[in-house]
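Engineer: what shape does this take:
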Amino acid sequence: MSVLIIGDVGVLDGMFHIGDEAMFEVAVGELSERGLSPIGVSSNPPETAARYGIPALPRLGFAGLDRADAARRADHLLAVAAGSAELSPDDPAVEVFKALEAARLLVNAGGGNLATRWHSHVFERTTLARLARAQGVPVVVTGQTLGPDLDAPDDAAVARMLREAVLVGVREPDTAALVDSWGLSATLNVDDASFLGLGEAGEAGASAPRGGVVVSLSGWFAGRPADEVEQRVADLADAAALAVGPVSFHAHFGAVDPAAPARGDAALHERIRQRMSQPSAVVPTGTSRDAAALVRRADLLITGRYHPAVFAAPAGTPVLALSADRYTRIKLGGALGHWGQTGVLDLDELPDAPRRLETLVADTAAIRDEAAARLPRLRAASRQWWDRVAASARK
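Structural biologist: As a prediction, the model looks like this:
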C-alpha cells in the first residue's frame, strides 16, 4: 500500500537542512516498518529517492510564487481535480495526481511549518490535502507547528485541512491550543524526530563518552543588531568552554560537502568563533543521525536551532536555547518542556546568559534523571501514534 509523504526535503544548492530531513526520515522509517510503501514529495526528487531509497516526486509548483500567483495556482489545481481544467504534460503536479490515484494515505509530515511568513508552504500543503480528499485519500497531519502568525486566509486554509484530516499530531502546547481554538482536536506528541538513532535506554548508540559543548545557531535575530548578538553569543561560548569543556560548532543548515566554503549557519559560526577568546572546533553538518548523536554525547548544548534541542533533550543533555521571537520561543520551549527542561533564553536576555549557564550545569544530574524517567512513556506514545497513522491507510 503506497503512502504519499510530503516533507520539507530535498537538497538544493548543496545545502542540507537537518531537522526537516530528520522528520521525513522518521516518517519513512516508521511507515515502512508497518508494511507501507512511502513515496516522497520533494524539492529534489532524485536526491531524496537516493537518500532514502524510496520513489520521490516533484512538488506542486508553489515555490517562489507570490501570494496572488500561489492562489491562482491552487485554484487551477483544484479545478483539475474537479475535472473542469487540465494540466499540461510538463506540469510538475502531473506525477502527484497520478500517485494520488493509487495512494492509500497522504501524510503531511513535519517541516515547512505552517505560518504566513512561509506562505508557499501553506499553499503547498493545504492544496495537496484538498487534492487528496478529492480523490478519497485520507490525510494525516503530523509533527506540526502551526502559526503563531496566520493571517485570515491562511488561518482558514489550515483549519480546513485539519478539519478534513483523519488524524492531527502537533508538537507543542501552543499549537495544540490554537487547534483547540478552532474547535478541533489534536494529539500532542514530542517532535517526530525525537528518537532518531536513540537507543532504547536513551543512549546515543555511539561508543564515544559524553563531553564538551556543542553550539548550533541560526542567523535569525528578529531585527536585533547582528554585531551585538554575535559578540554576546561569543562571550557565552567562552563561558561555556571554561565551565564545561571544549566547544564545537555544528551547522544545522549547512553544506553537504564539508570542504565547501562556509554558508548558512556555518558562516555565522565562523564570525562568532573569531570573536571568542577560547579555542573552538567545527564539526561538518553530516547527516541527521550524525547531528543527533553529536548533541546526545555532549555535556551541554547551546542552540538557536530547534532540532538540536529535539535530539538532545531525550538523552538528558542540558540545553540552553536562544529564542529570537515568539515563534522560536514556542518551538524551543515546547521541545524542552516535554522533557522537563526550561532553559529558553530570549536574545535580549543574553547579558544574563552566564548566570543561567551556571544554573543549568549545576542541574545536569537532575536533567538527565528527568529525561530518563520520561523516556519510556514518551517513546511509547510516539509508537502508538505511528500505529494509528499506519492504521489510517488500512481503513
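Engineer: quick one: mean pLDDT for the host helix or strand of L345?
Structural biologist: Take DSSP states H and E as the rule and L345 turns out to sit in strand 344-346. The average pLDDT within strand 344-346 is 97.
Engineer: which residues are contacting it?
Structural biologist: L320, A321, L322, S323, A324, R329, L332, G333, L336, D352, A353, R356 (Cβ atoms under 8 Å, 6 or more residues apart in numbering). Bear in mind the C-beta positions are built from the backbone N, C-alpha and C, glycine included.
Engineer: I'd like to know how many residues surround the first one.
Structural biologist: Using other Cβ atoms under 10 Å, L320 is surrounded by 24 other residues.
Engineer: rewinding a little: just the buried subset of the contacts of strand 344-346, please.
Structural biologist: Buried by 16 or more other Cβ atoms under 10 Å: L320, A321, L322, S323, A324, R329, L332, G333, L336, A353, R356, out of these.
Engineer: OK, contacts around the last one?
Structural biologist: Under the criterion of Cβ under 8 Å, 6+ apart, the contact list for R356 reads L320, G343, L345, E349.
Engineer: for the residues you listed, give me a markdown table that also has distance to A109.
Structural biologist: Conversion of the contacts of R356 to a markdown table gives the following (distance: Cβ to Cβ, whole Å):
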| residue | distance to A109 |
| --- | --- |
| L320 | 28 |
| G343 | 28 |
| L345 | 30 |
| E349 | 33 |
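Engineer: name the nearest of those residues relative to E370.
Structural biologist: Using Cβ to Cβ, G343 comes nearest to E370 of these, at 12.5 Å.
Engineer: list the contacts of the closest residue to that closest one other than its chain neighbours.
Structural biologist: Spatial nearest neighbour of G343, excluding adjacent residues (Cβ to Cβ, 6 or more residues apart in numbering): L320 at 4.9 Å. By Cβ under 8 Å, 6+ apart, the residues touching L320 are L236, L300, L301, I302, T303, G343, L345, A353, R356, L357, L360.
Engineer: among those residues, which are in helices?
Structural biologist: Among those, the ones falling in helices (DSSP state H) are L236, A353, R356, L357, L360.
Engineer: touching, the last one and A353? I think so.
Structural biologist: No. With contact defined as Cβ atoms under 8 Å, L360 and A353 do not form a contacting pair (9.9 Å).
Engineer: hang on, the earlier thing: among the contacts of strand 344-346, which are in strands?
Structural biologist: L320, A321, L322, S323 (DSSP state E).
Engineer: in the sheet, who's paired with the third one?
Structural biologist: In this case it means L322. Under the criterion DSSP bridges, L322 forms beta bridges with L345.
Engineer: okay, it: pLDDT?
Structural biologist: 98.
Engineer: tell me which residues touch it, please.
Structural biologist: So L322 contacts L217, V233, I302, T303, G304, L345, D346, L347, L350 (Cβ under 8 Å, 6+ apart).
Engineer: show the buried residues in the residues you listed.
Structural biologist: Using 16+ other Cβ under 10 Å as the burial test, the contacts of L322 include L217, V233, I302, T303, G304, L345, L347, L350 as buried.
Engineer: which neighbouring elements make contact with the helix or strand containing the second one?
Structural biologist: This points to V233. Assigned by DSSP H and E, V233 falls within helix 226-243. Judged by 3 or more Cβ pairs under 8 Å, 6 or more residues apart in numbering; DSSP states H and E, helix 226-243 is in contact with strand 213-216, strand 247-250, helix 265-275, strand 300-303, helix 353-362.
Engineer: list the buried ones in it?
Structural biologist: By 16+ other Cβ under 10 Å, the buried positions in helix 226-243 come out as 229-241, 243.
Engineer: likewise stretch 76-88?
Structural biologist: Using 16+ other Cβ under 10 Å as the test for burial, stretch 76-88 gives H76, L77, V80, A81.
Engineer: thinking the last one is in contact with Q135, fair?
Structural biologist: To tie it back to what came earlier, the one meant is A81. Yes. Between A81 and Q135 there is a contact under Cβ under 8 Å: 7.3 Å.
Engineer: just the ones of the buried residues of stretch 76-88 in helices?
Structural biologist: Reading helices off those with DSSP H, I get H76, L77, V80, A81.
Engineer: widest-spaced pair of these?
Structural biologist: Farthest apart among these by Cβ to Cβ are H76 and A81. That separation is 9.9 Å.
Engineer: shared neighbours, those two?
Structural biologist: Common neighbours of H76 and A81 (Cβ under 8 Å, 6+ apart) do not exist.
Engineer: circling back to that earlier point, going by distance to L128, which of the buried residues of helix 226-243 wins?
Structural biologist: V229 (37.1 Å).
Engineer: tell me the SS of the residue lying closest to R34 once chain neighbours are set aside?
Structural biologist: Once flanking residues are discounted, R34 sits nearest to A390: 3.8 Å by Cβ to Cβ, 6+ apart. Secondary structure for A390, judged by DSSP: H, G, I helix; E, B strand; the rest coil, is helix.
Engineer: wait, what's in contact with A390?
Structural biologist: Listed by Cβ under 8 Å, 6+ apart, the contact partners of A390 are E30, L31, R34, G35, L36.
Engineer: now R73
Structural biologist: When contacts are counted by Cβ under 8 Å, 6+ apart, R73 is found next to L60, G61, F62, L65, F123, T127.
Engineer: which of those are buried?
Structural biologist: Going by neighbour count (16+ other Cβ under 10 Å), the contacts of R73 have L60, G61, F62, L65, F123, T127 buried.
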